[in-house]
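Asks: Have a look; sequence and predicted model below, questions after that.
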2 protein chains.
Amino acid sequence: MGLIAIDVSVSVDGFVAGPNATLEEPLGEGGERLHEWIFGLDAWRERHGLEGGERSVDNDVVESAVARWGAVVMGRKMWSGGWGPWEDDPRADGWWGGEPPFRVPVFVLTHHAREPEVKASTPIEFVTEGIEVALGRALAAAGSRNVLVAGGASVAQQALASGLADELHLHVAPVLLGGGVRLFADGVTATTLERESVIESPAVTHVRYRVRHGPGDA
Amino acid sequence: MGLIAIDVSVSVDGFVAGPNATLEEPLGEGGERLHEWIFGLDAWRERHGLEGGERSVDNDVVESAVARWGAVVMGRKMWSGGWGPWEDDPRADGWWGGEPPFRVPVFVLTHHAREPEVKASTPIEFVTEGIEVALGRALAAAGSRNVLVAGGASVAQQALASGLADELHLHVAPVLLGGGVRLFADGVTATTLERESVIESPAVTHVRYRVRHGPGDA
(Lines give C-alpha, C1' and ligand atoms only; values in the text may rest on other atoms or scores of the structure.)
Protein backbone atom coordinates (compact mmCIF):
# COMPACT_ATOMS: atom_id res chain seq x y z
CA MET A 1 0.00 0.00 0.00
CA GLY A 2 1.18 3.50 -0.74
CA LEU A 3 1.67 6.34 1.68
CA ILE A 4 -0.64 9.27 2.30
CA ALA A 5 1.27 12.54 1.93
CA ILE A 6 -0.15 15.98 2.62
CA ASP A 7 1.60 18.15 0.02
CA VAL A 8 0.98 21.91 0.02
CA SER A 9 2.62 25.25 -0.72
CA VAL A 10 2.57 27.63 2.22
CA SER A 11 3.88 31.09 3.11
CA VAL A 12 6.48 31.62 5.83
CA ASP A 13 3.67 32.91 8.06
CA GLY A 14 1.65 29.75 7.48
CA PHE A 15 -1.02 30.70 4.95
CA VAL A 16 -2.15 28.59 1.97
CA ALA A 17 -4.23 31.47 0.59
CA GLY A 18 -4.14 35.23 1.05
CA PRO A 19 -6.90 37.42 2.50
CA ASN A 20 -10.44 37.37 1.05
CA ALA A 21 -10.35 33.96 -0.60
CA THR A 22 -13.59 32.94 -2.32
CA LEU A 23 -14.81 30.03 -4.43
CA GLU A 24 -14.07 32.14 -7.51
CA GLU A 25 -10.67 33.36 -6.23
CA PRO A 26 -9.62 30.53 -3.92
CA LEU A 27 -6.04 31.81 -3.51
CA GLY A 28 -7.12 35.20 -2.16
CA GLU A 29 -4.99 38.33 -2.39
CA GLY A 30 -1.35 37.55 -3.10
CA GLY A 31 -1.89 33.81 -2.80
CA GLU A 32 -0.63 33.13 -6.31
CA ARG A 33 2.84 34.02 -4.98
CA LEU A 34 2.83 30.71 -3.11
CA HIS A 35 2.80 28.84 -6.42
CA GLU A 36 5.09 30.95 -8.59
CA TRP A 37 7.97 28.56 -7.91
CA ILE A 38 6.29 25.78 -9.87
CA PHE A 39 5.09 27.43 -13.07
CA GLY A 40 8.45 27.62 -14.87
CA LEU A 41 9.50 24.06 -14.12
CA ASP A 42 9.94 21.48 -16.84
CA ALA A 43 7.89 18.87 -14.95
CA TRP A 44 5.01 21.31 -14.60
CA ARG A 45 5.13 22.67 -18.14
CA GLU A 46 5.27 19.15 -19.59
CA ARG A 47 1.99 18.40 -17.81
CA HIS A 48 0.48 21.35 -19.63
CA GLY A 49 1.84 20.46 -23.04
CA LEU A 50 4.64 23.04 -22.91
CA GLU A 51 8.37 22.57 -23.45
CA GLY A 52 11.56 24.24 -22.35
CA GLY A 53 11.06 24.51 -18.61
CA GLU A 54 13.67 24.75 -15.87
CA ARG A 55 15.40 21.59 -14.69
CA SER A 56 16.32 22.76 -11.21
CA VAL A 57 16.21 21.09 -7.79
CA ASP A 58 12.64 22.35 -7.60
CA ASN A 59 11.93 20.42 -10.77
CA ASP A 60 13.43 17.28 -9.21
CA VAL A 61 11.03 17.66 -6.29
CA VAL A 62 8.01 17.90 -8.57
CA GLU A 63 9.19 15.03 -10.78
CA SER A 64 9.67 12.86 -7.74
CA ALA A 65 6.17 13.65 -6.46
CA VAL A 66 4.62 13.01 -9.87
CA ALA A 67 6.47 9.70 -10.20
CA ARG A 68 5.06 8.50 -6.89
CA TRP A 69 1.50 9.73 -6.86
CA GLY A 70 -1.26 7.28 -7.68
CA ALA A 71 -4.27 9.31 -6.56
CA VAL A 72 -5.03 12.83 -5.34
CA VAL A 73 -7.45 14.09 -2.68
CA MET A 74 -8.48 17.74 -2.58
CA GLY A 75 -11.25 20.05 -1.37
CA ARG A 76 -13.99 21.65 -3.38
CA LYS A 77 -12.40 25.10 -3.50
CA MET A 78 -9.21 23.76 -4.97
CA TRP A 79 -11.14 21.74 -7.51
CA SER A 80 -13.23 24.78 -8.32
CA GLY A 81 -10.19 27.01 -8.74
CA GLY A 82 -8.38 24.47 -10.85
CA TRP A 83 -11.21 23.33 -13.06
CA GLY A 84 -13.36 26.41 -13.22
CA PRO A 85 -16.61 27.18 -11.41
CA TRP A 86 -18.74 24.44 -9.94
CA GLU A 87 -21.70 25.13 -12.18
CA ASP A 88 -21.19 25.13 -15.91
CA ASP A 89 -20.80 28.68 -17.08
CA PRO A 90 -18.93 30.43 -19.86
CA ARG A 91 -16.01 31.62 -17.73
CA ALA A 92 -12.46 30.30 -17.97
CA ASP A 93 -11.59 26.74 -17.05
CA GLY A 94 -9.57 27.63 -13.94
CA TRP A 95 -5.82 27.45 -13.41
CA TRP A 96 -5.47 23.94 -14.82
CA GLY A 97 -7.34 24.81 -17.97
CA GLY A 98 -9.09 21.89 -19.61
CA GLU A 99 -6.23 19.52 -18.83
CA PRO A 100 -5.58 18.82 -15.16
CA PRO A 101 -1.95 17.91 -14.50
CA PHE A 102 -2.67 14.83 -12.39
CA ARG A 103 -3.54 12.02 -14.85
CA VAL A 104 -4.44 9.81 -11.88
CA PRO A 105 -7.79 9.50 -10.06
CA VAL A 106 -8.76 12.65 -8.17
CA PHE A 107 -11.15 12.52 -5.19
CA VAL A 108 -12.84 15.81 -4.33
CA LEU A 109 -14.13 16.04 -0.74
CA THR A 110 -17.37 18.01 -0.75
CA HIS A 111 -20.79 18.28 0.88
CA HIS A 112 -22.43 18.37 -2.56
CA ALA A 113 -22.96 15.08 -4.39
CA ARG A 114 -21.99 15.17 -8.06
CA GLU A 115 -21.55 12.58 -10.79
CA PRO A 116 -18.01 11.43 -11.57
CA GLU A 117 -16.42 12.94 -14.63
CA VAL A 118 -13.23 12.67 -16.66
CA LYS A 119 -11.18 15.72 -17.71
CA ALA A 120 -8.58 14.84 -20.33
CA SER A 121 -6.61 11.97 -18.65
CA THR A 122 -7.87 12.68 -15.12
CA PRO A 123 -10.90 10.86 -13.68
CA ILE A 124 -12.62 12.79 -10.91
CA GLU A 125 -14.92 11.47 -8.18
CA PHE A 126 -16.81 13.53 -5.62
CA VAL A 127 -16.88 12.15 -2.08
CA THR A 128 -19.49 13.30 0.43
CA GLU A 129 -18.86 10.69 3.17
CA GLY A 130 -15.88 12.39 4.82
CA ILE A 131 -12.10 12.30 4.78
CA GLU A 132 -11.65 8.65 5.81
CA VAL A 133 -13.76 7.47 2.89
CA ALA A 134 -11.95 9.79 0.48
CA LEU A 135 -8.55 8.60 1.68
CA GLY A 136 -9.64 4.97 1.61
CA ARG A 137 -10.88 5.18 -1.96
CA ALA A 138 -7.75 7.04 -2.98
CA LEU A 139 -5.50 4.40 -1.39
CA ALA A 140 -7.38 1.69 -3.27
CA ALA A 141 -7.04 3.60 -6.53
CA ALA A 142 -3.35 4.35 -5.97
CA GLY A 143 -2.29 0.74 -5.53
CA SER A 144 1.34 0.70 -4.46
CA ARG A 145 1.77 4.39 -5.22
CA ASN A 146 1.12 7.34 -2.94
CA VAL A 147 -1.96 9.39 -2.20
CA LEU A 148 -1.30 13.12 -2.45
CA VAL A 149 -3.49 15.30 -0.25
CA ALA A 150 -3.22 18.53 -2.19
CA GLY A 151 -5.27 20.87 0.03
CA GLY A 152 -6.82 23.15 0.88
CA ALA A 153 -6.22 23.76 4.54
CA SER A 154 -9.39 22.09 5.77
CA VAL A 155 -8.73 18.88 3.87
CA ALA A 156 -5.10 18.85 5.04
CA GLN A 157 -6.21 19.32 8.65
CA GLN A 158 -8.83 16.60 8.36
CA ALA A 159 -6.25 14.24 6.88
CA LEU A 160 -3.89 14.99 9.76
CA ALA A 161 -6.62 14.61 12.38
CA SER A 162 -7.76 11.30 10.86
CA GLY A 163 -4.47 9.72 11.90
CA LEU A 164 -4.08 8.35 8.37
CA ALA A 165 -1.52 10.82 7.01
CA ASP A 166 2.00 9.39 6.81
CA GLU A 167 3.93 12.41 5.58
CA LEU A 168 3.74 16.18 5.46
CA HIS A 169 5.42 17.85 2.48
CA LEU A 170 5.60 21.63 2.75
CA HIS A 171 6.80 23.92 -0.03
CA VAL A 172 7.57 27.11 1.88
CA ALA A 173 7.52 30.20 -0.34
CA PRO A 174 9.58 33.23 0.80
CA VAL A 175 6.72 35.59 1.50
CA LEU A 176 4.68 36.82 4.46
CA LEU A 177 1.04 37.11 3.32
CA GLY A 178 -0.10 38.79 6.55
CA GLY A 179 -3.49 37.09 6.59
CA GLY A 180 -5.72 34.63 4.81
CA VAL A 181 -6.32 30.92 5.19
CA ARG A 182 -4.03 29.20 7.66
CA LEU A 183 -2.72 25.74 6.90
CA PHE A 184 -2.74 24.98 10.62
CA ALA A 185 -5.70 26.50 12.43
CA ASP A 186 -5.79 26.46 16.20
CA GLY A 187 -6.95 23.11 17.47
CA VAL A 188 -4.90 20.86 15.20
CA THR A 189 -3.81 17.92 17.32
CA ALA A 190 -0.31 18.28 18.74
CA THR A 191 1.87 15.97 16.69
CA THR A 192 5.48 14.97 16.61
CA LEU A 193 7.12 15.13 13.22
CA GLU A 194 10.32 13.57 12.02
CA ARG A 195 12.31 15.39 9.39
CA GLU A 196 12.88 13.29 6.30
CA SER A 197 14.52 15.80 3.98
CA VAL A 198 15.03 19.46 3.25
CA ILE A 199 15.68 20.66 -0.30
CA GLU A 200 16.03 24.33 -0.99
CA SER A 201 16.40 26.85 -3.75
CA PRO A 202 16.07 30.63 -3.88
CA ALA A 203 12.43 30.19 -4.90
CA VAL A 204 11.18 27.80 -2.24
CA THR A 205 12.16 25.48 0.62
CA HIS A 206 10.81 21.94 0.40
CA VAL A 207 10.53 20.25 3.80
CA ARG A 208 9.36 16.68 4.20
CA TYR A 209 8.27 15.34 7.56
CA ARG A 210 7.13 11.91 8.66
CA VAL A 211 4.05 12.18 10.90
CA ARG A 212 4.25 10.36 14.23
CA HIS A 213 0.72 9.84 15.48
CA GLY A 214 1.47 8.11 18.73
CA PRO A 215 4.06 6.28 20.83
CA GLY A 216 3.40 3.06 18.92
CA ASP A 217 4.11 4.66 15.54
CA ALA A 218 7.89 4.92 15.78
CA MET B 1 26.25 49.53 11.51
CA GLY B 2 25.13 46.00 12.18
CA LEU B 3 22.00 44.26 10.97
CA ILE B 4 18.81 43.68 12.88
CA ALA B 5 17.89 39.98 12.81
CA ILE B 6 14.71 38.50 14.23
CA ASP B 7 15.87 35.10 15.51
CA VAL B 8 13.31 32.70 16.97
CA SER B 9 12.47 29.03 17.36
CA VAL B 10 9.06 28.11 16.02
CA SER B 11 6.94 24.99 15.48
CA VAL B 12 5.96 23.76 12.01
CA ASP B 13 2.48 25.16 12.66
CA GLY B 14 3.89 28.56 13.51
CA PHE B 15 3.81 28.78 17.30
CA VAL B 16 6.56 30.20 19.55
CA ALA B 17 4.79 28.95 22.68
CA GLY B 18 2.22 26.24 23.36
CA PRO B 19 -1.29 26.71 24.75
CA ASN B 20 -1.87 28.49 28.09
CA ALA B 21 1.35 30.52 28.22
CA THR B 22 1.68 32.77 31.28
CA LEU B 23 4.32 35.08 32.75
CA GLU B 24 5.38 32.20 35.00
CA GLU B 25 5.28 29.59 32.20
CA PRO B 26 5.95 31.69 29.10
CA LEU B 27 6.49 28.67 26.82
CA GLY B 28 3.04 27.20 27.54
CA GLU B 29 2.22 23.50 27.18
CA GLY B 30 4.77 21.67 25.07
CA GLY B 31 6.63 24.86 24.17
CA GLU B 32 9.92 23.60 25.59
CA ARG B 33 10.02 21.19 22.63
CA LEU B 34 10.81 24.18 20.40
CA HIS B 35 14.10 24.66 22.20
CA GLU B 36 15.25 21.10 22.82
CA TRP B 37 17.53 21.28 19.79
CA ILE B 38 19.78 23.83 21.48
CA PHE B 39 20.35 22.45 24.97
CA GLY B 40 22.88 19.76 24.09
CA LEU B 41 25.04 21.96 21.88
CA ASP B 42 28.59 22.85 22.76
CA ALA B 43 28.04 26.55 22.05
CA TRP B 44 25.05 26.62 24.38
CA ARG B 45 26.60 24.54 27.17
CA GLU B 46 29.75 26.63 27.10
CA ARG B 47 27.62 29.71 27.79
CA HIS B 48 26.34 27.95 30.89
CA GLY B 49 29.72 26.82 32.15
CA LEU B 50 29.31 23.24 30.94
CA GLU B 51 31.59 21.16 28.73
CA GLY B 52 31.24 18.25 26.34
CA GLY B 53 28.39 19.41 24.12
CA GLU B 54 27.62 18.40 20.55
CA ARG B 55 29.51 20.02 17.69
CA SER B 56 26.90 19.54 14.99
CA VAL B 57 25.65 21.80 12.20
CA ASP B 58 23.16 23.12 14.76
CA ASN B 59 26.13 24.08 16.90
CA ASP B 60 27.69 25.93 13.96
CA VAL B 61 24.48 27.93 13.58
CA VAL B 62 24.50 28.96 17.23
CA GLU B 63 28.22 29.74 17.21
CA SER B 64 27.77 31.90 14.15
CA ALA B 65 24.90 33.82 15.76
CA VAL B 66 26.85 34.31 18.99
CA ALA B 67 29.91 35.52 17.08
CA ARG B 68 27.86 38.20 15.34
CA TRP B 69 25.50 39.46 18.00
CA GLY B 70 26.31 42.75 19.70
CA ALA B 71 23.02 43.41 21.48
CA VAL B 72 19.73 41.59 22.11
CA VAL B 73 16.15 42.89 22.18
CA MET B 74 13.38 40.85 23.82
CA GLY B 75 9.98 41.17 25.46
CA ARG B 76 9.13 41.08 29.10
CA LYS B 77 7.77 37.54 29.11
CA MET B 78 10.97 36.18 27.64
CA TRP B 79 13.03 38.12 30.13
CA SER B 80 10.79 36.93 32.92
CA GLY B 81 11.03 33.31 31.83
CA GLY B 82 14.77 33.48 31.41
CA TRP B 83 15.68 35.40 34.53
CA GLY B 84 12.91 34.40 36.88
CA PRO B 85 9.84 36.34 37.98
CA TRP B 86 9.65 40.08 37.58
CA GLU B 87 9.43 40.74 41.31
CA ASP B 88 12.14 39.37 43.56
CA ASP B 89 10.94 36.20 45.13
CA PRO B 90 12.52 32.98 46.34
CA ARG B 91 11.65 30.91 43.26
CA ALA B 92 14.13 29.67 40.69
CA ASP B 93 16.05 32.02 38.46
CA GLY B 94 14.35 30.99 35.22
CA TRP B 95 15.77 29.01 32.35
CA TRP B 96 18.99 30.99 32.12
CA GLY B 97 19.68 30.62 35.80
CA GLY B 98 21.80 33.37 37.29
CA GLU B 99 23.98 33.62 34.18
CA PRO B 100 22.29 34.78 31.00
CA PRO B 101 24.01 33.41 27.90
CA PHE B 102 24.21 36.72 26.04
CA ARG B 103 27.16 38.65 27.55
CA VAL B 104 26.15 41.66 25.44
CA PRO B 105 23.65 44.43 26.28
CA VAL B 106 20.06 43.23 26.47
CA PHE B 107 17.14 45.61 25.95
CA VAL B 108 13.81 44.46 27.38
CA LEU B 109 10.75 46.06 25.78
CA THR B 110 8.13 46.61 28.48
CA HIS B 111 5.37 48.93 29.66
CA HIS B 112 6.85 48.91 33.17
CA ALA B 113 9.83 51.16 33.87
CA ARG B 114 12.62 49.49 35.81
CA GLU B 115 16.20 50.35 36.72
CA PRO B 116 18.96 48.81 34.60
CA GLU B 117 20.78 45.89 36.12
CA VAL B 118 23.68 43.58 35.37
CA LYS B 119 23.41 39.79 35.60
CA ALA B 120 26.82 38.13 35.46
CA SER B 121 28.32 39.51 32.21
CA THR B 122 25.02 40.71 30.76
CA PRO B 123 23.85 44.33 31.25
CA ILE B 124 20.08 44.73 30.98
CA GLU B 125 18.08 47.87 30.21
CA PHE B 126 14.32 48.22 30.24
CA VAL B 127 12.79 50.26 27.42
CA THR B 128 9.27 51.70 27.70
CA GLU B 129 9.34 54.01 24.66
CA GLY B 130 8.55 51.39 22.01
CA ILE B 131 10.27 49.13 19.53
CA GLU B 132 12.04 51.83 17.49
CA VAL B 133 13.75 53.19 20.59
CA ALA B 134 14.70 49.70 21.75
CA LEU B 135 16.15 48.83 18.33
CA GLY B 136 17.93 52.20 18.08
CA ARG B 137 19.62 51.78 21.45
CA ALA B 138 20.51 48.20 20.63
CA LEU B 139 22.07 49.22 17.29
CA ALA B 140 24.14 51.85 19.08
CA ALA B 141 25.27 49.33 21.68
CA ALA B 142 26.09 46.67 19.08
CA GLY B 143 28.45 48.83 17.03
CA SER B 144 29.36 46.91 13.89
CA ARG B 145 27.78 43.72 15.18
CA ASN B 146 24.20 42.56 14.83
CA VAL B 147 21.12 43.14 16.92
CA LEU B 148 19.30 39.91 17.71
CA VAL B 149 15.56 40.25 18.22
CA ALA B 150 14.98 37.15 20.33
CA GLY B 151 11.19 37.28 20.79
CA GLY B 152 8.52 36.79 21.86
CA ALA B 153 6.02 36.97 19.06
CA SER B 154 4.84 40.50 19.82
CA VAL B 155 8.35 41.95 19.81
CA ALA B 156 9.19 40.07 16.61
CA GLN B 157 6.04 41.40 14.94
CA GLN B 158 6.73 44.95 16.11
CA ALA B 159 10.28 44.71 14.78
CA LEU B 160 8.97 43.52 11.42
CA ALA B 161 6.28 46.20 11.27
CA SER B 162 8.81 48.92 12.13
CA GLY B 163 10.53 48.36 8.81
CA LEU B 164 13.86 48.15 10.64
CA ALA B 165 14.37 44.38 10.60
CA ASP B 166 16.92 43.22 8.03
CA GLU B 167 16.73 39.47 8.47
CA LEU B 168 14.43 36.75 9.74
CA HIS B 169 16.11 33.66 11.18
CA LEU B 170 13.71 30.83 11.95
CA HIS B 171 14.66 27.64 13.75
CA VAL B 172 11.79 25.33 12.79
CA ALA B 173 11.35 22.46 15.24
CA PRO B 174 9.66 19.28 13.93
CA VAL B 175 6.49 19.48 15.98
CA LEU B 176 2.89 20.63 15.61
CA LEU B 177 1.86 22.31 18.87
CA GLY B 178 -1.78 22.67 17.82
CA GLY B 179 -2.27 25.99 19.57
CA GLY B 180 -0.56 28.70 21.59
CA VAL B 181 1.19 31.93 20.70
CA ARG B 182 1.60 32.48 16.97
CA LEU B 183 4.79 34.03 15.67
CA PHE B 184 2.81 35.67 12.86
CA ALA B 185 -0.61 36.82 13.98
CA ASP B 186 -3.10 37.96 11.38
CA GLY B 187 -2.39 41.51 10.32
CA VAL B 188 1.37 41.30 9.91
CA THR B 189 2.23 43.40 6.88
CA ALA B 190 2.62 41.37 3.70
CA THR B 191 6.34 41.18 3.06
CA THR B 192 8.60 39.69 0.44
CA LEU B 193 11.45 37.61 1.79
CA GLU B 194 14.61 36.48 0.09
CA ARG B 195 16.10 33.19 1.14
CA GLU B 196 19.67 33.53 2.35
CA SER B 197 20.38 30.03 3.58
CA VAL B 198 18.84 26.80 4.79
CA ILE B 199 20.74 24.54 7.18
CA GLU B 200 19.10 21.41 8.46
CA SER B 201 19.55 18.56 10.85
CA PRO B 202 17.16 15.92 12.22
CA ALA B 203 16.52 18.19 15.21
CA VAL B 204 15.68 21.47 13.50
CA THR B 205 15.64 23.37 10.19
CA HIS B 206 17.36 26.76 10.24
CA VAL B 207 16.03 29.13 7.57
CA ARG B 208 17.44 32.60 7.06
CA TYR B 209 15.56 35.20 5.07
CA ARG B 210 16.43 38.73 4.09
CA VAL B 211 13.43 41.05 4.61
CA ARG B 212 12.42 43.18 1.63
CA HIS B 213 10.36 46.06 2.94
CA GLY B 214 9.57 47.76 -0.32
CA PRO B 215 10.46 48.11 -3.99
CA GLY B 216 13.39 50.37 -3.16
CA ASP B 217 14.96 47.84 -0.82
CA ALA B 218 16.28 45.41 -3.37
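Replies: Okay, I see it.
Asks: Which pLDDT value belongs to A:Glu87?
Replies: You'll see A:Glu87 listed with a pLDDT of 55.
Asks: now the longest strand seen in chain A against strand B:191-200, angle please.
Replies: Counting residues, the longest strand in chain A under DSSP state E turns out to be strand A:191-200. Orientation note: strand A:191-200 sits at an angle of 100 degrees relative to strand B:191-200 (axes from the mean of the first three to the mean of the last three C-alpha atoms, to 10 degrees).
Asks: who does strand A:191-200 touch, helix- and strand-wise?
Replies: Here strand A:191-200 touches helix A:57-68, strand A:205-212, strand B:175-176, strand B:191-200, going by 3 or more C-beta pairs under 8 Å, 6 or more residues apart in numbering or on different chains; DSSP states H and E. (C-beta placed from N, C-alpha, C; glycine too.)
Asks: Starting from the helix or strand of chain A with the lowest mean pLDDT, tell me the next helix or strand along the chain.
Replies: The weakest-scoring helix or strand in chain A, judged by mean pLDDT, DSSP states H and E, is helix A:76-83 (a mean of 82). Next helix or strand after helix A:76-83 toward the C-terminus (DSSP states H and E): strand A:106-109.
Asks: List the contacts of A:Glu194.
Replies: A:209-210, A:212, B:174, B:202 (C-beta atoms under 8 Å, 6 or more residues apart in numbering or on different chains).
Asks: can you give me phi and psi for the residue positioned nearest the centre of chain A?
Replies: When C-alpha atoms, centre = their mean is applied to chain A, the residue found nearest the centroid is A:Ala150 (1.5 Å). Taking degrees, to the nearest 10, you get phi -90, psi -10 for the backbone angles of A:Ala150.
Asks: Likewise for A:Ser154?
Replies: Per degrees, to the nearest 10, the backbone of A:Ser154 is at phi -60, psi -40.
Asks: Tell me which residues touch it, please.
Replies: A:Gly75.
Asks: Apart from its chain neighbours, what residue comes closest to A:Gly14?
Replies: Leaving aside its sequence neighbours, A:Gly14 sits nearest to B:Gly14 (C-beta to C-beta, 6 or more residues apart in numbering or on different chains; 4.1 Å).
Asks: if we can go back for a sec, ranking the helices and strands packed on strand A:191-200 by mean neighbour count, which comes first?
Replies: Neighbour counts (mean count of other C-beta atoms under 10 Å in any protein chain shown) averaged over each of these peak at strand B:175-176, with a mean of 23.
Asks: what's in contact with it?
Replies: By C-beta under 8 Å, 6+ apart, strand B:175-176 touches A:160, A:184, A:188-193, B:11-13, B:30, B:33-34.
Asks: Are any of these buried, and if so which?
Replies: Applying 16 or more other C-beta atoms under 10 Å in any protein chain shown to the contacts of strand B:175-176, the neighbour count classes A:160, A:184, A:188, A:190-193, B:11-13, B:30, B:33-34 as buried.
Asks: just how off-centre is the least confident helix or strand of chain A within its chain?
Replies: Here helix A:76-83 is found 11 Å from its chain centre; the criterion is C-alpha atoms, centre = their mean, to the nearest Å.
Asks: in it, what's buried?
Replies: Using 16+ other C-beta under 10 Å as the test for burial, helix A:76-83 gives A:76-83.
Asks: Stretch A:159-179 now?
Replies: Buried residues in stretch A:159-179, counted by 16+ other C-beta under 10 Å: A:159-160, A:164-179.
Asks: Now intersect the residues you listed with the helices, please.
Replies: If you go by DSSP state H, those have A:159-160 in helices.
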